[in-house]
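Peer 1: Build me a model:
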Amino acid sequence: MRTPGRPAGVHAVAGAPGCQGSAQAFVVSETDGTWGSAEQVPGSSALNPGGIAQINTVSCASPGNCAAGGYTTDSISNSQAFVVDQANGIWGTAQPVPGLASINAGSAAIGSLSCALPGNCTGGGYYSRAGLQAFVVGETSGP
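Peer 2: Numbers count the residues shown, from 1 in each chain. Sure thing, here's the model as predicted:
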């Protein structure tokens, strides 16, 4: 049930690892108390040769303006962090976290996002390099 005065939200989940060999990340939006249809995160299949993807976090700055992050798996089953924006109710294309490929030596994932204004978000997560390391990433004046 939607709480009065709360912006319409987006909730996102993925199938459990191992579900018939693959699990794709999906999003579903709620507007004024009505849930829309679930849709696969656009572009996530291209980032997911390992066949398992998941949304870990979603933040909405205003109704229809959200960001989500999580991970996909590469061809050797390492998780790889991705982010995706929603602008005016339309989900953009998932993309790897900018700059992370140059420091990550194994697995990575987004664990948390916060968006103060549409297109202005901050996220954090982990990557592998001599153990697990923390990273932060920011978006300014995004879609």
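
Peer 1: Which of the three states applies to the residue nearest the centre of the chain?
Peer 2: In the chain, the residue lying closest to the centroid (Cα atoms, centre = their mean) is residue 69, at 2.0 Å. Recorded secondary structure, residue 69: strand (DSSP: H, G, I helix; E, B strand; the rest coil).

Peer 1: Pretty sure it sits against residue 79.
Peer 2: No - between residue 69 and residue 79 there is no contact under Cβ atoms under 8 Å: 11.9 Å. Bear in mind the C-beta positions are built from the backbone N, C-alpha and C, glycine included.

Peer 1: on that earlier part again, mind checking how far the residue nearest to the centre of the chain is from residue 33?
Peer 2: Applying Cβ to Cβ, to the nearest Å, the value for residue 69 to residue 33 is 26 Å.

Peer 1: mind listing the strands for the protein?
Peer 2: 10-14, 25-31, 34-35, 39-40, 54-62, 65-73, 79-87, 90-91, 95-96, 108-117, 120-128, 132-139 (DSSP state E).

Peer 1: what's the least confident stretch among these?
Peer 2: Of all the strands of the chain, strand 10-14 carries the lowest average pLDDT, namely a mean of 38.

Peer 1: tell me the most buried of the strands of the chain?
Peer 2: Mean neighbour count, computed with mean count of other Cβ atoms under 10 Å, is highest for strand 65-73 among the strands of the chain, reaching a mean of 26.

Peer 1: Would you quantify the distance from residue 75 to residue 129?
Peer 2: 20 Å.

Peer 1: Is the closest residue to residue 86 other than its chain neighbours bridged to anything, and to what?
Peer 2: Nearest non-adjacent residue to residue 86, counting by Cβ to Cβ, 6 or more residues apart in numbering: residue 66, 4.2 Å away. Note on residue 66: beta-bridge partners residue 60, residue 86, judged by DSSP bridges.

Peer 1: Who are the contact partners of residue 86?
Peer 2: Shown in contact with residue 86 (Cβ atoms under 8 Å, 6 or more residues apart in numbering): 10, 27, 29, 60, 64-68, 92.
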